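> just coords:
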């Protein structure tokens, strides 16, 4: 959901006084995004973090004398990628070595951006998908970078379960690695992120889950494991071969998103999920455990969740 922005001049004309605009801000009806740009407070508070990041970028663009090139997590949001713990206050821009500092309220990254590394999305200039992933893989935390890299590979390799295009995904990883090698620092972390990234992770929570499982000591982590069902194929988020178990990240989105529930009520969705899980457990003789965001704070918290179901990571020397 995009957040509609309002210029101060337009609000003054509509309200017929600048004081009326200030009163609306004090009353909590308007949010001041940056000097001269406002947003409806209700839509701002209920928006996804990625939409807030995009709205701040639009506000920077509206108030800049020269169109900036957005980068890093701001560019990722413009590309439609999910973010993990993003900066909701500042926008990221990239500047050439010779250019003066960027506008206020921005994180300014120095670097060379070639013409083919800049794209335009909905009127805003930003780094290309590969350059964006390369920059984040070098500079962001491992968790943040993997969430974006997984999502980018999902765009490149395809969303449909069972039809992930590995060849296209590998070509994209090579492109990202080439971009990262042009930088003087962060190349080692970028290589680590891209070796770990996998577009078969369907949600940020699945990306973070995979990281935590790896931190716990699991190495044979299968993604989107197909289990033949009655007249259909079920897919399980994680196969933990070393523990002979399955795991699923449950962000509860599947119970409320109309695109996923296909018109079914919450009770019908829960009943369908229960029958699905009973079938998987019964036919595979493997344990299946669900976890949520609260279990992903650390490897230790996820380990406690799995241990409650008798699932332990392998012991390693």
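Sure thing, it's come through. These numbers were taken from a predicted model, which means no experiment stands behind them.
> how many neighbours does residue 296 have?
A count of nearby residues for residue 296, using other Cβ atoms under 10 Å, gives 19. Bear in mind the C-beta positions are built from the backbone N, C-alpha and C, glycine included.
> In contact with it, which residues are there?
By Cβ atoms under 8 Å, 6 or more residues apart in numbering, residue 296 lies in contact with 205, 208-209, 212, 302.
> I'd like those residues laid out as CSV, including neighbour count and distance to residue 96.
Shown next, in CSV, are the contacts of residue 296 (neighbours: other Cβ atoms under 10 Å; distance: Cβ to Cβ, whole Å):
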residue, neighbour count, distance to residue 96
205, 24, 37
208, 22, 35
209, 24, 39
212, 22, 39
302, 23, 43
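> Skipping its backbone neighbours, what lies nearest residue 116 in space?
With sequence-adjacent residues excluded and distances taken as Cβ to Cβ, 6 or more residues apart in numbering, residue 116 is closest to residue 128, at 7.1 Å.
> To clarify, my last question referred to residue 249.
residue 205 is the one closest to residue 249 (Cβ to Cβ, 6+ apart), at 4.3 Å.
> Mind checking what secondary structure that neighbour has?
Secondary structure, DSSP: H, G, I helix; E, B strand; the rest coil: residue 205 is helix.
> what about the residue nearest to residue 116, distance to residue 286?
For residue 128, the distance to residue 286 (Cβ to Cβ, to the nearest Å) stands at 42 Å.
> any idea how far residue 58 is from the residue nearest to residue 249?
Distance from residue 205 to residue 58, by Cβ to Cβ: 28 Å.
> Residue 216 now?
Applying Cβ to Cβ, the value for residue 216 to residue 58 is 41 Å.
> neighbour count winner among these two?
When residue 216 and residue 58 are compared for neighbours, residue 58 comes out ahead with 22 against 18, by other Cβ under 10 Å.
> residues touching that one, list them.
Neighbours of residue 58 in contact, by Cβ under 8 Å, 6+ apart: 5, 124.
> can you check residue 220 too?
By Cβ under 8 Å, 6+ apart, the contact set of residue 220 is 240-242.
> Now with 10 Å, please.
With contact taken as Cβ atoms under 10 Å, 6 or more residues apart in numbering, residue 220 is in contact with 239-243, 314.
> With residue 184 instead?
Neighbour list for residue 184: 111, 138 [criterion: Cβ under 10 Å, 6+ apart].
> quick check, it in a helix?
No - note on residue 184: no helix contains this position according to three-state DSSP, which reports coil.
> how far away is it from residue 73?
Residue 184 is 21 Å from residue 73, by Cβ to Cβ.
> ditto for residue 196
Distance from residue 196 to residue 73, by Cβ to Cβ: 18 Å.
> The two: who's more crowded?
Neighbour count, other Cβ under 10 Å: between residue 196 and residue 73, residue 73 has more, with 30 against 17.
> circling back: could you provide the contacts of residue 296 in a markdown table, with additional columns for secondary structure, distance to residue 122 and pLDDT?
What follows is the contacts of residue 296, written out as a markdown table (DSSP: H, G, I helix; E, B strand; the rest coil; distance: Cβ to Cβ, whole Å; pLDDT from 0 to 100):
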| residue | secondary structure | distance to residue 122 | pLDDT |
| --- | --- | --- | --- |
| 205 | helix | 27 | 97 |
| 208 | helix | 28 | 98 |
| 209 | helix | 32 | 98 |
| 212 | helix | 35 | 98 |
| 302 | helix | 38 | 97 |
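> out of the residues you listed, who's nearest residue 114?
Taking Cβ to Cβ as the measure, residue 114 lies nearest residue 208 of the contacts of residue 296, at 32.5 Å.
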